[in-house]
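K.L.:
My questions are about this predicted structure, shown below with the sequence.
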Amino acid sequence: MHVVSGGEVAGILVAVFWAILVSFLAVALARVAQTLKATTKLVADVTDQAVPLLADASSAVRSAQTQIDRVDAIATDVQEVTSNASALSTTVASTFGGPLVKVAAFGYGVRRALGARRDDVPAKESRRTVIVGRTVPAARRGKRKKD
């Protein structure tokens with residue numbers, strides 16, 4: 001019979017541990033391979049869905065740009081109309097404003113003159129002047145002592 005020496009036992013132990021290590025590495029590599037397959041499939045699915053989404057997004061951006069161009073044209077037209085209205089308002093005010101003020105002033109003067117002609121009779125009601133919180137009778141108003 002053969003007696004197993006210490007070196008042979010150590011060799012067997014190393015071989016067993018080496019086999020266990022290789023088994024764990026094989027299992028780990030198999031799992032990594034499955035993960036890579038799943039990742040590859042996921043990337044392929046995302047790519048298949050992303051291409052149509054990017055096309056739709058590009059279409060939406062083009063449509064938005066068209067709408068912005070239209071709004072810009074409208075804003076430009078509104079600005080032009082506003083400046084034209086301002087110029088028209090200034091023209092109307094300068095053309096009709098002065099003569100209308102003169103006509104109104106003339107009408108006021110005529111009414112005042114006609115009103116003064118009708119009221120030749122002096123008012124009977126005494127008027128009072130308030131000076132610093134006091135009331136001065138009409139008889140004393142205008143009479144000052146001359147020194």
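P.N.:
Looks like it came in fine.
K.L.:
where do the strands sit along this protein?
P.N.:
129-131, 134-136 (DSSP state E).
K.L.:
low pLDDT regions in the protein?
P.N.:
Residue ranges of the chain with pLDDT under 70: 1, 117-147.
K.L.:
Pull the number of nearby residues for residue 50.
P.N.:
12 (other CB atoms under 10 Å). For glycine as for every other residue, the C-beta is placed from the backbone atoms N, C-alpha and C.
K.L.:
for residue 66, same thing?
P.N.:
Residue 66 sits with 10 neighbouring residues when counted by other CB under 10 Å.
K.L.:
what's the answer for residue 48, then?
P.N.:
Neighbour count of residue 48, defined by other CB under 10 Å: 9.
K.L.:
go on, the one 5 residues further on?
P.N.:
Using other CB under 10 Å, residue 53 has 10 other residues around it.
K.L.:
how close does residue 71 get to residue 65?
P.N.:
Residue 71 sits 11 Å away from residue 65, going by CB to CB, to the nearest Å.
K.L.:
typo on my end, residue 23
P.N.:
From residue 23 to residue 65 the distance is 61 Å (CB to CB).
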